[in-house]
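S.K.: Coordinates for the following, if possible.
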Amino acid sequence: MVDANAMAMFYKEPEEGELNLVTLVAEHLNSYEESIEGDVFKQSSDIIHASKLNMLAQRVVINRYLFNKLLIYRSMTDIEVVNTVQFLANDGLTEDWITLMKEFVIPFVVHNKVLSTVN
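M.R.: A predicted model of the protein is given here:
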C-alpha cells in the first residue's frame, strides 16, 4: 500500500529559497576541466523532471539515477563502484549529502566518465 503522506511530501512544490540539487550536481559535474558529465546528467528525462520537484524528491531521484548508472557502468567495465554507491543515501542532512557528492561521488563519476559511457 502506498503511503499518501509520503507521496504528498515527495511531490510537494519546492519552498522559496530551497536549493536546487539538480543544478548543484550538474554544476559540480561540469566544474572539472573538459567534463561533459553535467550535460549528460541534465539531459536525462528523470533529471529534467526532478528539477521541478522539492529538494528531498530531487535527492531521491538523483541518487536513484546515479545508482543505476553506476551499476550499469560496473557491468560494462568491471570497475568496482561499491565504494561510491555507499554515499548515495536518502536520509541524513542535505549538507552532508552535498559534501559526500562533491568529495566522493562526483569525482568518481567524472574521472571514469560514467554518465557519458553508459548513456
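S.K.: export the helix or strand harbouring L29 as CSV, just CAs?
M.R.: Using DSSP states H and E, L29 sits in helix 21-30. What follows is helix 21-30, C-alpha atoms only, in CSV (Å, rounded to 0.1, in the frame of the first residue of the first chain):
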residue,chain,number,x,y,z
LEU,A,21,20.1,19.9,-6.1
VAL,A,22,19.9,19.1,-9.8
THR,A,23,21.5,22.4,-10.7
LEU,A,24,24.1,22.0,-7.9
VAL,A,25,25.1,18.5,-9.0
ALA,A,26,25.2,19.5,-12.7
GLU,A,27,27.5,22.4,-11.9
HIS,A,28,29.8,20.2,-9.8
LEU,A,29,29.9,17.6,-12.6
ASN,A,30,30.9,20.3,-15.1
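S.K.: Residues in contact with it: which ones?
M.R.: 35-39, 41-42, 47, 50-51, 55, 58-59, 62, 94, 98, 101-102, 106, 109-110, 115 (Cβ atoms under 8 Å, 6 or more residues apart in numbering). (C-beta placed from N, C-alpha, C; glycine too.)
S.K.: Filter these down to the buried ones, PyMOL style.
M.R.: Typed into PyMOL, the line below selects the buried ones among the contacts of helix 21-30, using 16 or more other Cβ atoms under 10 Å:
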select buried, resi 35+37+38+41+42+47+50+51+55+58+59+62+98+101+106+109+110+115
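S.K.: how far out from the middle of the chain is the helix holding L29?
M.R.: Computed by Cα atoms, centre = their mean, to the nearest Å, the chain-centroid distance of helix 21-30 equals 9 Å.
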